[in-house]
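Novice: From the sequence below, what's the structure:
(one chain, ligands or ions: 1)
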Amino acid sequence: MKPLLGVYGASGCGRGVMPIVRARYGHEADLVFIDDAPMKEANGYPILSWDAFRANPAEKRVCLAIANSEIRAKLSDKCASAGIPLFEARAQNVVEMHDVIIGEGAILSPFVTLTSNIRIGRCFHANLYSYVEHDCVIGDFVTFAPGVKCNGNIVIEDHAYIGSGAVIKQGRPGHPLTIGRGATVGAGAVVTKDVPPNMTVVGVPARQLEKELVC
Ligand code: UDP
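Specialist: Just a heads-up that it's a prediction; the model follows:
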């Protein structure tokens, strides 16, 4: 019996990830989506409920293909409780240079580049054309939308979200530029200084997004 690989999430993210999984594992494993919404099929692949997936007797692994990092964390705990490991979905043209350590369950989309001396935590999502330059430290459940430019000597803490095309200016050795836990960087922003935890920044240069006044 072939192993069964589940791409958790059958929406936009999952449908973008399934071709990466097929290219890497399609010849050696059966592939399905898993989704908690009642759906039957997407792009020719069956969509199983979690219970149906878990009940399958094959050796099973899961890739969490949902952009929301809090949901990834919740589903990661669910997989761990069920004893089902996560697997990495890495596009064939990803460039990884030297001394890169990356945690379980990452999704590395086409044209992603990871250069040298990089540490990355669990369930990292690096979408199309993103890069991580030298000496960066990235936490758990960090999400890069397409085209993120993460330059050298940057620390990105757990659950940060970096929007499409954002540029994060390089830090200095021993003085990294830090994006705090749970922070959000808007699409197209140019981040020139530290972003505190849970803050949203936008623009060029990036500034805190003012909260809208609700009357
Ligand atoms: N989903 C799920 N379990 C959860 C949360 C979400 O199966 O606990 C599924 C949800 O039904 C949807 C997908 O994950 O099909 C998320 O889709 P969405 O378009 O919100 O996000 P994206 O695909 O862009 O990450």
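
Novice: What parts of the protein come near the ligand?
Specialist: If contacts are counted using CB under 6 Å from any ligand atom, the residues of the chain sitting beside the ligand are G9, A10, S11, G12, C13, G14, D35, D36, A37, I66, A67, I71. All C-beta atoms are positioned from the backbone trio N, CA, C, and that covers glycine.

Novice: and these, which are buried?
Specialist: By neighbour count, with 16 or more other CB atoms under 10 Å, the residues of the chain next to the ligand hold G9, A10, C13, G14, D35, I66, A67 as buried.

Novice: What residues sit buried inside whichever helix or strand the third one is part of?
Specialist: Assigning secondary structure by DSSP states H and E places C13 in helix 12-25. By neighbour count on 16+ other CB under 10 Å, the buried set for helix 12-25 is C13, G14, R15, G16, V17, M18, I20, V21, R22, R24, Y25.

Novice: For the closest residue to the ligand within the chain, give its distance to P38.
Specialist: Among the residues of the chain, S11 lies closest to the ligand, at 3.0 Å counting by CB to the nearest ligand atom. The spacing between S11 and P38, counted by CB to CB, to the nearest Å, is 14 Å.

Novice: How about I84?
Specialist: I84 sits 21 Å away from P38, taking CB to CB as the criterion.

Novice: so where's the protein uncertain?
Specialist: Judged against pLDDT under 70, the low-scoring parts of the chain cover residues 212-215.

Novice: Kindly recompute the last result at 50.
Specialist: Across the chain, the stretches falling below the confidence threshold (pLDDT under 50) are 215.

Novice: From the centre of it outward, give me the first residue you hit.
Specialist: Taking CA atoms, centre = their mean as the criterion, H125 is the residue nearest the geometric centre of the chain, at 1.4 Å.

Novice: so what's that one up against?
Specialist: Taking CB atoms under 8 Å, 6 or more residues apart in numbering as the definition of contact, the neighbours of H125 are C13, A67, A106, I107, V142, T143, F144.

Novice: one more time with 7 Å
Specialist: With CB atoms under 7 Å, 6 or more residues apart in numbering as the criterion, the residues that contact H125 are A67, I107, T143, F144.

Novice: Pretty sure the first one sits against T143.
Specialist: Yes. Distance between A67 and T143: 5.8 Å, which falls inside the contact criterion (CB atoms under 7 Å).
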